[in-house]
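*Asks:* Sequence and predicted structure are below.
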Amino acid sequence: MAKIGSEIKKDSDFQKNERAHLELLKSLRNSTDTVKEGGGKEARERHKKRGKMFVRERIEKLIDPGSRFLEVGLFAAYGMYRENGGAPSSGTVFGVGRIHGRPVVVVANDATVKAGAWFPITCKKNLRAQEIAIENRLPIIYLVDSAGVFLPLQSEIFPDKEHFGRIFRNNAVMSSLGITQIAAIMGPCVAGGAYLPIMSDEAMIVDKTGSVFLAGSHLVKAAIGEDIDNEALGGATVHCEISGVTDHKMKNDEECLATIRSIVSKLGKKPTAEFNRAEPKPPKFPSKEIYGILPADRAKPFDMYQVLARILDNSEMDEYKAEFGKTVITGYARVDGWAVGIVANQRSVVKTRKGEMQVGGVIYSDSADKAARFIMNCNQKMIPLVFLQDVTGFMVGSRAEQGGIIKDGAKMVNAVANSVVPKFTFIVGNSYGAGNYAMCGKAYDPRLIFAWPTAQIAVMGGKQASETLLAIKLQAMEKDGKHISKEQQQKLLSEIQARYESELDPLYGAARLWVDGIIDPVETRDVISSGIEMASYNAEIPRFNPGVIQT
């Protein structure tokens with residue numbers, strides 16, 4: 001393998017970049033700490049008085065001591081539902097952890113947030129958890145403590161294909177696929193939500209705190225006049241000794257979690273996908289130097305090879321078509337020992353063999369063609385793909401159109417869409433327009449997709465979008481006979497820019513689950529390694545069929 005990257009001169013520009021990046025990380029950590037508080041101190045105290053552990057304590061107790069919990073959707077609902085008091089992390093915590101060394105998906109309601117009620121984004125987050133379990137054939141553990149659907153928003157969560165009912169459909173599908181589902185009822189479990197644990201393969205219930213019923217005592221009284229309390233209606237004694245709905249009666253949270261661990265420890269082994277892995281080697285250069293490499297001014301170019309040199313094992317890569325299509329870097333490498341195919345946007349301005357200058361971060365016809373061929377090669381060789389996005393889109397203009405940019409772009413999108421090996425995407429900087437699609441955005445089924453704090457996701461950049469939106473607004477106003485002064489135009493532009501810039505923030509995308517989360521760049525190696533390991537648990541990888549790709 002060829003060495004890439006070099007020692008970095010830590011001059012004033014490097015230090016400026018580093019300061020800016022560390023400030024972003026500080027802000028991110030502050031937001032993380034706030035979200036992890038759940039419903040706040042008072043809500044947690046009330047929760048504790050009921051004899052229940054806090055959701056994050058439950059997860060910590062469930063997974064192997066000292067092991068990593070790769071959380072997904074931490075910032076779901078961030079800044080959303082403010083008129084309803086907010087919903088930190090959408091009232092649900094989920095991710096991939098280890099139980100007796102085996103990767104498992106864990107989904108846990110946070111009852112300190114609106115009693116664990118489901119918001120529309122909560123449903124989307126739970127569907128994402130099931131998707132990860134299905135794609136990777138991982139066991140899934142549900143820690144249920146929820147009052148059910150958040151009724152003021154019921155119309156946005158109940159009847160559609162990707163709404164609440166899809167979760168129960170997935171329960172049935174996962175059982176047919178042989179994916180183990182274990183549910184622990186650790187609090188209320190009401191109405192339609194009752195089906196989730198009972199459609200799991202095995203269900204346990206905590207005595208005196210857990211309850212499950214289609215209608216609570218108040219609704220039963222109103223509907224049929226029966227006077228009964230929730231414990232007598234659907235508590236642990238009823239369902240473990242009379243109805244037989246649940247399988248295990250647990251005296252408290254601790255015993256419940258220990259029993260889940262014991263059951264998981266006895267699961268049999270299934271065939272795995274044998275992705276190539278060698279002895280892991282650290283990069284030759286410190287990963288934290290990425291902070292100083294990425295420019296504080298996102299309009300400035302930088303060398304993606306220097307970033308890759310701080311992620312890849314031994315800072316080595318067998319580059320594919322190194323002298324062709326230079327605005328996209330492709331090559332075979334290793335991360336934590338795992339063989340990977342790298343597809344990364346090059347942000348430096350590059351010079352072609354014809355002496356032409358190509359703008360960094362833009363996908364040209366030659367780079368799209370190269371990337372498509374490389375993706376097909378990785379599928380043939382059973383090598384997982386890693387995409388590093390910093391892309392402003394495909395090249396535009398008459399020359400690009402005459403050169404067939406749409407055809408070549410479609411070729412790349414086709415290869416990404418039909419790729420069957422596991423794909424992992426990291427949004428390093430810009431992620432605009434069709435560039436998001438071609439570089440394996442969320443719509444193209446990456447097994448995991450994370451953003452760095454420097455990421456921006458949108459149809460186009462803020463300046464172009466704001467000026468376009470202003471032009472449309474001015475045109476409409478002029479049709480109504482309104483004359484707008486230069487000062488008013490500038491004020492309108494500032495308002496539009498402020499709104500658009502807020503939507504470019506990676507937290508905005510993470511809140512809506514466009515990405516699985518926002519990570520410190522130094523965590524990238526760990527995420528890739530964890531992702532490939534969990535992907536290896538699904539040995540059923542279909543044959544790659546690229547469909548119709550025009551040449």
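*Replies:* Received, thanks.

*Asks:* So which residues make contact with the helix or strand of the chain with the lowest mean pLDDT?
*Replies:* Least confident helix or strand of the chain, by mean pLDDT, DSSP states H and E, is helix 462-479 with a mean of 73. Residues from elsewhere that reach helix 462-479, judged by C-beta atoms under 8 Å, 6 or more residues apart in numbering: 456, 458-460, 484, 489, 492-493, 496-497, 500-501, 504. Using the backbone N, CA and C atoms, a C-beta is placed for each residue, glycine as well.

*Asks:* Please convert these to JSON lines, extending it with secondary structure, neighbour count and distance to residue 128.
*Replies:* Formatted as JSON lines, the contacts of helix 462-479 follow (DSSP: H, G, I helix; E, B strand; the rest coil; neighbours: other C-beta atoms under 10 Å; distance: C-beta to C-beta, whole Å):
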{"residue": "456", "secondary structure": "strand", "neighbour count": "21", "distance to residue 128": "22"}
{"residue": "458", "secondary structure": "strand", "neighbour count": "19", "distance to residue 128": "21"}
{"residue": "459", "secondary structure": "coil", "neighbour count": "13", "distance to residue 128": "23"}
{"residue": "460", "secondary structure": "coil", "neighbour count": "16", "distance to residue 128": "27"}
{"residue": "484", "secondary structure": "coil", "neighbour count": "15", "distance to residue 128": "44"}
{"residue": "489", "secondary structure": "helix", "neighbour count": "14", "distance to residue 128": "42"}
{"residue": "492", "secondary structure": "helix", "neighbour count": "17", "distance to residue 128": "38"}
{"residue": "493", "secondary structure": "helix", "neighbour count": "17", "distance to residue 128": "37"}
{"residue": "496", "secondary structure": "helix", "neighbour count": "19", "distance to residue 128": "32"}
{"residue": "497", "secondary structure": "helix", "neighbour count": "17", "distance to residue 128": "32"}
{"residue": "500", "secondary structure": "helix", "neighbour count": "19", "distance to residue 128": "26"}
{"residue": "501", "secondary structure": "helix", "neighbour count": "16", "distance to residue 128": "27"}
{"residue": "504", "secondary structure": "helix", "neighbour count": "18", "distance to residue 128": "22"}
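
*Asks:* Of all pairs in those residues, which one spans the longest distance?
*Replies:* 456 and 484 (28.8 Å; C-beta to C-beta).

*Asks:* which residue ranges form the helices in the stretch 151-300 of the chain?
*Replies:* All helices of the stretch 151-300 of the chain, identified by DSSP state H, counting those that start in this stretch, fall at 164-176, 195-198, 217-224, 230-234, 236-237, 253-265, 290-293.

*Asks:* elements contacting the first one?
*Replies:* Using 3 or more C-beta pairs under 8 Å, 6 or more residues apart in numbering; DSSP states H and E, the elements in contact with helix 164-176 are helix 120-136, strand 181-190, helix 195-198.

*Asks:* Flag every buried residue along that helix.
*Replies:* Of all the residues in helix 164-176, those buried under the rule 16 or more other C-beta atoms under 10 Å are 164, 165, 166, 167, 168, 170, 171, 174.
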